[in-house]
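Chemist: predicted model, plus sequence, below.
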Amino acid sequence: MRFTCDEIQSRWPEHLYRELSEPEQTAFVQHLNQCESCRAEEAQWRGLLGRFDGWAAEVSDAPQELVPRVKRQVRLYEDWSRQNWQSVRNWAVGAAAVCALALGGAWGLVSQIDRSASEWDSRGAFFEKMYSKEAVDVFREQGVLHEFKPEIAAESKEPDPPQTHLESAS
């Protein structure tokens, strides 16, 4: 980035009060090192600002209690700002912890469901864990428990809808 003399003219206050970004400030100083007329104008600006600062020091008839009041207000604002930042940080940490717990619980639930589904599919192993071998055999005989066969499940048709009270009376 390079500054021209015309660009420098409109940016003196920003340069003198250090309001330019670091690359702009560097380019500004590089231009001043190369341009003697801009260096002379900088000296004039600095002299003018120095006189303003001197006038401000002469005019400042501020009451003695004003300075501690202003400092106290600044300190209160800084404390308030720090407390707000801490509460936002605490809220964010809490939210992250809740999300982690929720994701962990969901992952555990999904893995448990997958495990249970695989046990259910493996020839009644789920019922065999809960009931005796004789009870499982009775369930199979009664048709309560049958083997899961994906090809049969895919071919099975939708059951007939239940009859309403009016249809069964006719």
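Modeler: Thanks, I have it. Numbers count the residues shown, from 1 in each chain.

Chemist: where does pLDDT dip in this protein?
Modeler: 56-62, 64, 67, 114-129, 145-170 (pLDDT under 70).

Chemist: same thing but 90
Modeler: 1-26, 28, 31-32, 38, 41-90, 104-170 (pLDDT under 90).

Chemist: quick one: the helices in it?
Modeler: Using DSSP state H, the helices of the chain run over 5-9, 12-16, 22-34, 36-59, 66-121, 125-130, 133-142, 150-155, 165-169.

Chemist: off-centre distance for stretch 75-90?
Modeler: Relative to its chain's centre, stretch 75-90 lies at 19 Å (C-alpha atoms, centre = their mean, to the nearest Å).

Chemist: ok, back up a step: same list, the helices of the chain, but as CSV with mean neighbour count please.
Modeler: To be clear about C-beta, it is placed using only N, CA and C from the backbone, and glycine gets the same treatment. Converted to CSV, the helices of the chain look like this (neighbours: other C-beta atoms under 10 Å):
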stretch, mean neighbour count
helix 5-9, 12
helix 12-16, 15
helix 22-34, 14
helix 36-59, 11
helix 66-121, 10
helix 125-130, 13
helix 133-142, 12
helix 150-155, 8
helix 165-169, 7
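
Chemist: count the neighbours of Phe3 for me.
Modeler: 20 (other C-beta atoms under 10 Å).

Chemist: roughly how far apart are His15 and Asp53?
Modeler: Separation of His15 from Asp53 (C-beta to C-beta, to the nearest Å) stands at 17 Å.

Chemist: my bad, Gln44
Modeler: Separation of Gln44 from Asp53 (C-beta to C-beta): 15 Å.

Chemist: cool, and Phe139?
Modeler: 97 Å.

Chemist: ok, His31 next?
Modeler: Applying C-beta to C-beta to His31 and Asp53 gives a distance of 25 Å.

Chemist: centre of the chain to stretch 16-27, how far?
Modeler: Here the centre of stretch 16-27 is set off from its chain's centre by 32 Å, with C-alpha atoms, centre = their mean.

Chemist: for it, measure first residue to last.
Modeler: 14 Å (C-alpha to C-alpha, to the nearest Å).

Chemist: any residues touching that stretch, and which ones?
Modeler: Residues from elsewhere that reach stretch 16-27 (C-beta atoms under 8 Å, 6 or more residues apart in numbering): Met1, Arg2, Phe3, Arg11, Pro13, Glu14, His15, Phe28, Glu42, Trp45, Arg46, Leu49.
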